[in-house]
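In: need a structure here:
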Amino acid sequence: MQGHHHFVDKVVLRFRLSERIPKHNLYRRLAELLDWDFLYEQTQPLYSHTGQPSLDPVVFFKLVLVGRLENIVSDRRLVEHCALRLDILYFLGYEVDEDLPWHSTISRTRQLHPAAVFEHLFDQVFAQCLVTGLVVGET
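Out: I've put the predicted structure just below:
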């Protein structure tokens, strides 16, 4: 007898994002092995002490990294892509029912940071990847 699956759009009562991401997934490994706390101190001088809270700089730089890894150059497309990927949500520290930052917020934040911050970020993350064994080889 031929089966026929019927989709029911229901509210999930029990769902843990971490249980849905395989242990070997790249974004899970990045989330668990890399320490991003250095960004708070490095970016502190770029932010005012008054006004509304900004986009978390760690979330911003993780989004930039996802954009490079996934070859996405549009901030609007990046947010759409991240919202559909459970592993990326886990990496960013967002729950499935939590809204990601607006694409315009990402664009404005990108303009706030000088190129030196991006270069230092790359150096720090790359060094951590080497130490944790995520990057190997001679090239």
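
In: drop to CA atoms for contacts and neighbour counts, all remaining ones
Out: OK.

In: show me how far stretch 38-56 is from its chain's centre.
Out: 18 Å (C-alpha atoms, centre = their mean, to the nearest Å).

In: what does stretch 30-40 give?
Out: Centroid separation between stretch 30-40 and its chain, computed with C-alpha atoms, centre = their mean, is 11 Å.

In: packing partners of the lowest-mean-pLDDT helix or strand in the chain?
Out: The helix or strand of the chain with the lowest confidence, counting by mean pLDDT, DSSP states H and E, is helix 115-132 at a mean of 84. If you count contacts as 3 or more C-alpha pairs under 8 Å, 6 or more residues apart in numbering; DSSP states H and E, helix 115-132 packs onto helix 38-43.

In: if you count neighbours, what's buried in the helix it packs on?
Out: Across helix 38-43, burial judged by 16 or more other C-alpha atoms under 10 Å covers L39.

In: tell me which other helices or strands that helix touches.
Out: Short answer (3+ C-alpha pairs under 8 Å, 6+ apart): helix 38-43 packs on helix 57-69, helix 115-132.
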